[in-house]
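below are the sequence and a predicted model for it; my questions follow.
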Amino acid sequence: MTPSTDSDATGEPVDLDPVWRALSDPTRRAILDELRAGPKNTTALCDRFDHLGRHGVIKHIKSLEAAGLLRVEAAGRERLNHLNVVPLQQISERWLKPYEAFWASSLYRLAETATENQSSTEHMKRKSS
């Protein structure tokens, strides 16, 4: 299986497969959710996900870092984990944005049809009363 290569805004090729793999795990998504509020040290993440144990959390952190979703900053003996939203933005631009117009227009047409059907049904009810 060959990796899917997409392009960033500058046209440079970007391999998003590692990002998709990292996002496929619910624990890794939960770690990213924790980091949305701001950077956290590894100990704080281990405390939050204590059911995994320290080695389990570190394994997930390394997967997220390898995918580019997390940046680790060494601050003395502490390691601060920062969310990197760039790969998420790349996925959004490549996979979500192109479908927005399609779904928006489809939903608009559906709502329009439903409104027409409702008006027609109400008219028929009034006529038969």
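Noted; the coordinates are in hand.

who touches the residue nearest to residue 30 when sequence neighbours are not counted in this structure?
Closest residue in space to residue 30, ignoring its immediate chain neighbours: residue 49 at 7.3 Å, by C-beta to C-beta, 6 or more residues apart in numbering. C-beta: built from backbone N, CA, C; applies to glycine. Counting by C-beta atoms under 8 Å, 6 or more residues apart in numbering, residue 49 touches 27, 30-31, 56-57, 60.

flag the shaky bits of this protein, pLDDT-wise.
Under the criterion pLDDT under 70, the flagged ranges of the chain are 1-13, 123, 129.

give me the longest helix you can find in it.
helix 97-128 (DSSP state H).

list the buried residues of it.
For helix 97-128, a neighbour-count test (16 or more other C-beta atoms under 10 Å) marks nothing as buried.

domain assignment for this protein?
Using automatic domain parsing, the domain ranges for the chain come out as 13-84, 85-129.
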